[in-house]
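K.L.:
Show me the folded form of this:
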Amino acid sequence: MVKKIFTTDFTDDTNTENNSIHVNETWIYSIALFMLGLSAAGFGKWVELSGPRKVMVASCVCFCGGLLVSALGVKLQILWLLYLGYGVIGGIGLGLGYISPVSTLIKWFPDRPGMATGMAIMGFGGGALIGAPLGVKLMEYFKSNTSGGVAEAFVVMAILYAISMLFGAVIIRVPGKDWKPDGWEPKEHVRPMMTNAHVAADVAWMTPQFWCLWVVLCMNVTAGIGILGQASKMCSDMFGVSAAVGGGFAGLLSIFNMGGRFVWSSISDHIGRRPVYCIYFILGAIL
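P.N.:
Presented below is the predicted three-dimensional model:
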């Protein structure tokens, strides 16, 4: 959707060749992902202090507000507004919306925290299967001789996302302090490399283990997101297939990316986190 903006709604009268501004559209994507990580790290403790509902409302305001700012930027043909709206403000909303369900689900499933985390990030990863086609359909619907339909698509999506996100904020609940699943008791003795201790974020940041995990995850996500963002074009350029086939490959990749988030997280509840890390990083390097 972002790529199409630059070929339909941003024009430059000084460019007589094709009358369009050539901008690297991946910058907006990169800014949004950077702000996602930054806001998730910076506001993580806020979720614990204020509860997920306030954070989810703030996420809705930022994300949907960012879409509206982006729509304004497209309408006025001001590129920095698009960076600000979709990238910065929207990215902050993404980060707040990412940590709220993760934190809440872990509280509801203390016996299976890996599965709980996988449920949340599976939904996050699978959102593109709905959002991307919806954006394309909306642009086609609103397209006219004077507009590519992008600004209108941003506005409609902002409204739809606001309704769904606020509905989620209204119905979300956190369990009581001493709540636990029926028949489950915390284990007094744990296996090596596992602990029942609660480590606060301020303490975790001072440990080398945290930064080792952070670097590994950062490198893994950088590679994964980089490929996901260019999968369709890579498939088309390397194998000479049509854009539709390339898009299908990207969709297939997204489906298994979504499933892998849930499957590996759930498996880690049974065999431990370290074996799962070893399996999928070694397997990933081989593949």
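K.L.:
C-alpha only now, for contacts and for neighbours.
P.N.:
Fine.
K.L.:
Okay, and Glu152 sits in which element?
P.N.:
Under DSSP states H and E, the secondary-structure element containing Glu152 is helix 150-171.
K.L.:
next one: Gly118
P.N.:
helix 113-126.
K.L.:
Restricting to C-alpha, output that helix in CSV.
P.N.:
Only the C-alpha atoms of helix 113-126 are listed here, as CSV (Å, rounded to 0.1, in the frame of the first residue of the first chain):
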residue,chain,number,x,y,z
PRO,A,113,3.5,-18.4,28.8
GLY,A,114,5.1,-19.4,25.5
MET,A,115,1.8,-20.4,23.9
ALA,A,116,0.2,-17.2,25.3
THR,A,117,2.9,-15.0,23.8
GLY,A,118,2.6,-17.0,20.5
MET,A,119,-1.1,-16.3,20.3
ALA,A,120,-0.6,-12.5,20.5
ILE,A,121,2.3,-12.3,18.1
MET,A,122,0.6,-14.7,15.7
GLY,A,123,-2.3,-12.2,15.4
PHE,A,124,0.2,-9.4,14.9
GLY,A,125,2.0,-11.2,12.1
GLY,A,126,-1.2,-12.3,10.4
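K.L.:
and Trp46, how far is that from Arg173?
P.N.:
Going from Trp46 to Arg173 by Cα to Cα, to the nearest Å gives 16 Å.
K.L.:
In this structure, what residue spans correspond to strands?
P.N.:
The residue ranges that make up strands in the chain, judged by DSSP state E, are empty, as it has none.
K.L.:
where does it have low pLDDT?
P.N.:
Residues of the chain meeting the criterion pLDDT under 70: 1-25, 187-197.
K.L.:
Report the residue ranges of every domain in it.
P.N.:
1-176, 201-287 (automatic domain parsing).
K.L.:
Can you measure across the shortest one, start residue to end residue?
P.N.:
Length of domain 201-287, first residue to last, Cα to Cα: 34 Å.
K.L.:
List the residues that contact Ser266.
P.N.:
Arg112, Gly114, Met115, Ala116, Gly118 (Cα atoms under 8 Å, 6 or more residues apart in numbering).
K.L.:
of these, closest to Met157?
P.N.:
Met157 lies nearest to Gly118 out of the contacts of Ser266, by Cα to Cα, at 25.7 Å.
K.L.:
count of residues packed around that closest one?
P.N.:
The local packing of Gly118 (other Cα atoms under 10 Å) involves 22 other residues.
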